[in-house]
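Novice: Attaching a predicted model along with its sequence, questions to come.
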Amino acid sequence: MDLADRAEHKAFRAEVREFIAAHRHLAPEETADSYRLLPRPYSEKVRKWQSLLVDKGYASRTVPKSYGGFGAEPDILKTKIITDEFFRAGLPPALYNQGVSMLVPTLLEHGSEEQKKKWIEPTIRAEVFWCQGYSEPGAGSDLASLQTRAHEDGDDFVINGSKIWTSSAHIADMIFCLVRTETKAGKYDGISYLIFSMDTPGIEVRPLQTMTGHPSFNEVFFTDVRVPKSQVVGGRGKGWKIANSTLAHERGMLANTNHAAGRLQKITGMLKSETLNGRPLFENAVMMDRFIRLQARVQALRLHEMRLVTEAATGKPRNIADMVCKLLGCELNHQIDAFAIDILGEIGVLYDGVPSVHHDSIWQQFFMYDLGLIIGGGTAQIQKNIIAERGLDMPREPKSAKG
Ligand SMILES: Cc1cc2nc3c(=O)[nH]c(=O)nc-3n(C[C@H](O)[C@H](O)[C@H](O)COP(=O)(O)OP(=O)(O)OC[C@H]3O[C@@H](n4cnc5c(N)ncnc54)[C@H](O)[C@@H]3O)c2cc1C
């Protein structure tokens, strides 16, 4: 497929550029990176910017108007134009997080009318912050082994158990959570997908530090937490299917290749300004060799993404191909961070808050954080298993014998 802009898309690109020129003074200074490294409630400026993007159709573009979105027909090329133009202008794009990027599309696919009406608009306008309660101490890669249970009491479920590695639970307003509700059903059939407020009595959140040194994920304990049965998404006992729908959206979110391209752009500047024996690093053969290898991989990933855009435009499913982006993109980000640390030498290992940090980036923190993303949303090994088995038709991994 020829991805060059046709007349309609040329006009759309011009419209996006015009919007950016007229409104860039309203954009917040905070970047997606700064929120990812240190989760905190969104500032008023971020909320207003996000709401403006929704009103203009540059965020949650295809969410129906009746749920507070812009209501445009899906057009993957227009979506790509928006992302690329915001990236080119160095502006924060629309928010992507567990609420906007994972829960909202899941509710659109599986939620009841009441759930859609109640939760989609405040989520896309950054008024409600969500966390994801999936993993447990004994259920990570093998998620369906989860043991958090709920029994029925009148119109409520009463939840007992615990979750772990729950990103942003300490600041979240709401949680989407997997809970075993059907005692007699099998491993995959007894799970329900519940949404409820983090202020519900009986919830205790204990922050955990990540390798960045910041408390960005948590342990969450549930003791007799009462949640109305009407807050199940997609039907009682149907949670495994709904959970997988959310996971596919999570991989799509983590697979964003602009991230790697943006980091590489910063490195280009560093190779010009940093020196070794009085000469700029871009004259150093070893450094340039590493740079060009990374540049080639970023370019290859962007071309893969263009192929996916082409396939999506012709209606082909892209789930497994998205996994390739998540797997390679997260590993690539980590390698780019490592290269930046080597370029900067001892300054590269500084953390934020230290005055001599420069190039407006805290590469050591990115390095630690991005290692986490190779694990979060499904580890690299699990992604490889799925790509091999479902994408390449290779023999299935042996399962342990029953009993
Ligand atoms: C930064 C970060 C944020 C996170 N945020 C959240 C969140 O918000 N909500 C949430 O619910 N969870 C979250 N997680 C948890 C994440 O989903 C799990 O860590 C992940 O699924 C792996 O599970 P585990 O940690 O239990 O490791 P395990 O499943 O115990 O795996 C341990 C190791 O064994 C390997 N392994 C396991 N099974 C296989 C297999 N079949 N074949 C080959 N190798 C295998 C794994 O790849 C891994 O290297 C987050 C994790 C991180 C790092």
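Specialist: Yes, it's here. None of the values given here were measured: they were computed from a predicted structure.

Novice: Quick check: buried residues in stretch 288-308?
Specialist: 290-291, 294-295, 297-298, 301, 304-305, 308 (16 or more other CB atoms under 10 Å). C-beta coordinates here come from the backbone N, C-alpha and C atoms, glycine included.

Novice: Give me the subset of those residues lying in helices.
Specialist: Among the buried residues of stretch 288-308, the members falling in helices (DSSP state H) are 290-291, 294-295, 297-298, 301, 304-305, 308.

Novice: Point out the residues in the stretch 301-403 of the chain that sit beside the ligand.
Specialist: Residues of the stretch 301-403 of the chain lying close to the ligand (CB under 6 Å from any ligand atom) are 372, 375-376, 378-379, 381-382, 385, 397.

Novice: 8 Å - rerun?
Specialist: Applying CB under 8 Å from any ligand atom, we find that the stretch 301-403 of the chain lies next to the ligand at 369, 372-373, 375-382, 384-385, 397.

Novice: just the helices in the stretch 151-300 of the chain please.
Specialist: Along the stretch 151-300 of the chain, counting by DSSP state H, counting those that start in this stretch, helices occupy 239-254, 258-273, 285-313.

Novice: Now render those as a markdown table, adding distance to residue 62 and mean pLDDT.
Specialist: Listed next are those as a markdown table, based on distance: least, CB to CB, whole Å; pLDDT from 0 to 100:
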| stretch | distance to residue 62 | mean pLDDT |
| --- | --- | --- |
| helix 239-254 | 13 | 86 |
| helix 258-273 | 19 | 87 |
| helix 285-313 | 13 | 89 |
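
Novice: ok so, going back, so which of the ones in helices among the buried residues of stretch 288-308 is the closest to residue 196?
Specialist: residue 308 (34.8 Å; CB to CB).

Novice: My guess is that closest one contacts residue 321. True?
Specialist: Yes: assessed by CB atoms under 8 Å, residue 308 is found in contact with residue 321 at 5.3 Å.

Novice: Tell me where this protein is predicted with low confidence.
Specialist: 1-5, 31-33, 255, 313, 318, 352-361, 400-403 (pLDDT under 70).

Novice: separation between whatever residue of the chain ends up closest to the ligand and residue 396?
Specialist: Closest residue of the chain to the ligand, CB to the nearest ligand atom: residue 140 (1.9 Å). With the distance defined as CB to CB, to the nearest Å, residue 140 ends up 20 Å from residue 396.

Novice: Could you check which of those two has the larger neighbour count?
Specialist: residue 140 (18 against 10; other CB atoms under 10 Å).

Novice: Which phi and psi values does that one adopt?
Specialist: phi -120, psi -90 (degrees, to the nearest 10).

Novice: Next, find the distance separating it from residue 161.
Specialist: Applying CB to CB to residue 140 and residue 161 gives a distance of 15 Å.

Novice: Then residue 98?
Specialist: With CB to CB as the criterion, residue 98 and residue 161 are 20 Å apart.

Novice: Kindly report the same for residue 371.
Specialist: Distance from residue 371 to residue 161, by CB to CB: 28 Å.

Novice: re earlier: more neighbours, residue 98 and residue 161?
Specialist: residue 98 (23 against 19).

Novice: Once you drop chain neighbours, what's closest to the residue nearest in space to the middle of the chain?
Specialist: Nearest to the geometric centre of the chain sits residue 253, at 3.9 Å (CA atoms, centre = their mean). Nearest residue to residue 253 in three dimensions, chain neighbours excluded: residue 101, at 4.1 Å (CB to CB, 6 or more residues apart in numbering).

Novice: ok, now residue 307?
Specialist: The spatially closest residue to residue 307, leaving aside those adjacent along the chain, is residue 321, at 7.7 Å (CB to CB, 6+ apart).

Novice: Test my guess that the one you found contacts residue 305.
Specialist: No: at 9.2 Å, residue 321 and residue 305 do not qualify as touching, with contact defined as CB under 8 Å.

Novice: Overlap of the contact sets of the two?
Specialist: Applying CB atoms under 8 Å, 6 or more residues apart in numbering, one finds that no residue jointly contacts residue 321 and residue 305.

Novice: picking up where we left off before, got a list of what the residue nearest to the centre of the chain touches?
Specialist: Here residue 253 is in contact with 96, 101-102 (CB under 8 Å, 6+ apart).

Novice: Reformat those residues into TSV and put neighbour count next to each item.
Specialist: TSV is the format used below for the contacts of residue 253 (neighbours: other CB atoms under 10 Å):
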residue	neighbour count
96	16
101	19
102	24
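
Novice: could you dump these to JSON lines with secondary structure and distance to the ligand?
Specialist: Below are those laid out as JSON lines (DSSP: H, G, I helix; E, B strand; the rest coil; distance: CB to the nearest ligand atom, whole Å):
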{"residue": "96", "secondary structure": "coil", "distance to the ligand": "14"}
{"residue": "101", "secondary structure": "helix", "distance to the ligand": "13"}
{"residue": "102", "secondary structure": "helix", "distance to the ligand": "10"}
